[in-house]
Structure formats: C-alpha cells, structure tokens
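Trainee: Using only what follows, build the 3D model:
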Amino acid sequence: MSPCERTAPELVEVMSKEVGLRKTIDAACSQHFGMLREAQKENMFESKASTIIQKNWRAFAVRQNLKIIRKAAVDIQAGCRGRAGRILAHEQNLKAAVSSRSAHFNEAATKIQKYWRGRWSRHVTHSFHGRKRYINAVLQTN
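Mentor: Residues are numbered from 1 along each chain as shown. Purely as a prediction, here's the structure:
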C-alpha cells in the first residue's frame, strides 16, 4: 500500500508509531549521550588520577636514583679520603724510618769517632812509648 492510498486513521496510526519511535530513539540517544558524558567525566577523573600516579612514581624513581648517586658519591669520597690518609701515613712512616735510621747511624758514627779519637789519643798524643822515646832522645842530647 502506498502512502497515498492510506486512510486518515491509518496515517494517524503510522504517524503515532513514528512519533513513538522517534521518542524512543530520542530517549535512547539521550541516554547514550548521557552515558558518554558520564564516561568522559570518569575518563577525565581517571586521566587525572593516572597523571598523579605517574607524577608520584617518577618522583619516587628520581629520589631512589638520587639515593644511589649520593651513596656512590659517599663511597667515592671515602675511597679518596682513605687513599689520601694511607698516602699520608706512608709518608709519615717513611719520615719516621729515615729519622730512626739517621739516629741509628749518628749513634754508630759517634761510637766510631769516640773509639777512633781514643785510639788516636792513646797512640799518637799520649803515647807511652812515644813519650818514652822522646824522653830518651832528650836525655841523650843533654
């Protein structure tokens, strides 16, 4: 049946069905778009939440890296200071050893000088046999 062949009550009935369908479609569209708006609001909330989570995670990761870097810096500083301390202690030990050896050799040289001067004094300056010869020589010339 073509629309021209329909009667007025049939047309009213078809139109009322069409209006009902339009209302149903409008209600479904309204409901659908309302749900989309709610989903977008939730999506914005979730987006903000995920941004906050990412921000906090990155801050945590940076703090952890800083802790690692600080610990490495402390380890490096401790190693350098330890090495400097060992070098200083080694230099002090060398100076002490040189001083000790120097004192030992000075004592040894003093003993050698003491014995040499005593021997020289006994055999040359205060020589009993030399003095005896000298006295005998003087007595023979006088």
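Trainee: Mind telling me what element Asn36 is part of?
Mentor: You called it Asn, but residue 36 is Leu. helix 8-120 (DSSP states H and E).
Trainee: tell me what that helix is packed against?
Mentor: On a contact count with 3 or more CB pairs under 8 Å, 6 or more residues apart in numbering; DSSP states H and E, helix 8-120 meets no helix or strand. For the C-beta atoms, the positions are set from N, CA and C on the backbone; glycine is no exception.
Trainee: Just give me how far that helix sits from the chain centre.
Mentor: Its chain's average C-alpha position is 11 Å from that of helix 8-120, according to CA atoms, centre = their mean, to the nearest Å.
Trainee: what distance separates the very next helix or strand once past it from the middle of the whole chain?
Mentor: Per DSSP H and E, the first helix or strand lying C-terminal to helix 8-120 is helix 128-141. Mean C-alpha position of helix 128-141 versus that of the full chain (CA atoms, centre = their mean) differs by 90 Å.
Trainee: quick one: contacts of helix 128-141?
Mentor: Residues outside helix 128-141 that contact it (CB atoms under 8 Å, 6 or more residues apart in numbering): His123, Val124.
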